[in-house]
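> model this:
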Amino acid sequence: MQTARIALPRRQRRSLLLGLAVVTVTLGLIALFVLPGTYANTTGSGAIATTVLAAIWVPTAFYTLNRAFGTTTLTPEGMRFRTVASRRLIPWHEITRIEDQHRTGRGGVSWWVVRAHLTRGRPVVLPGTLSEGRRDEQFLTTLRTLDAYWRNATGRTSTERVANAAP
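Below you'll find the model as predicted:
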């Protein structure tokens, strides 16, 4: 079995980075124009409000960059994850199932991710397997590829997993 690399297409990466840019500019404008006016006639420095804005931006930026530039490489030994902040190899025998999961954020924004359930520990979201809004054909192809590698490496049947189950 040869290796296969799973990553987001360039168009989807650009879309994620554009969203991050909009959040960054919005929070920057709030910090630049709203906070000084709000705290102009008070003894407070606005440090709390600035900290709150930073507490919103930092996790958003981290999550977006990990999703945009993260990859999963399928090898005969297991799945190799590569993100902005980490590198990890999970052997096939430690994976009990692979499933797609629908997530919804505030404001009705939704997306799909692929998770690998492990024999020990909590499920891991696979980098490079994000689908915005609905499951498109590329996302389903990625899910089928992951399933084929997992079944081939472990000898398990697809009835032992819950991938493609309706949310």
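> can we go C-alpha only for contacts and neighbour counts from here?
Fine.
> Taking the centroid of this protein, which residue is nearest it?
For the chain, the residue sitting closest to the mean C-alpha position, by C-alpha atoms, centre = their mean, is Arg67 at 4.0 Å.
> wait, doesn't that residue sit right on Gly128?
Yes: taking C-alpha atoms under 8 Å as the definition, Arg67 is a contact partner of Gly128 at 6.3 Å.
> separation between the closest residue to Leu118 other than its chain neighbours and Ala7?
In space, and not counting its chain neighbours, Leu118 is closest to Ile95: 4.5 Å by C-alpha to C-alpha, 6 or more residues apart in numbering. Using C-alpha to C-alpha, to the nearest Å, we find Ile95 at a distance of 20 Å from Ala7.
> Would you mind naming the helix or strand containing the residue nearest to the centre of the chain?
Element membership for Arg67, per DSSP states H and E: helix 47-69.
> buried ones in that helix?
By 16 or more other C-alpha atoms under 10 Å, the buried positions in helix 47-69 come out as Thr50, Leu53, Ala54, Trp57, Ala61, Thr64, Leu65, Asn66, Arg67, Ala68, Phe69.
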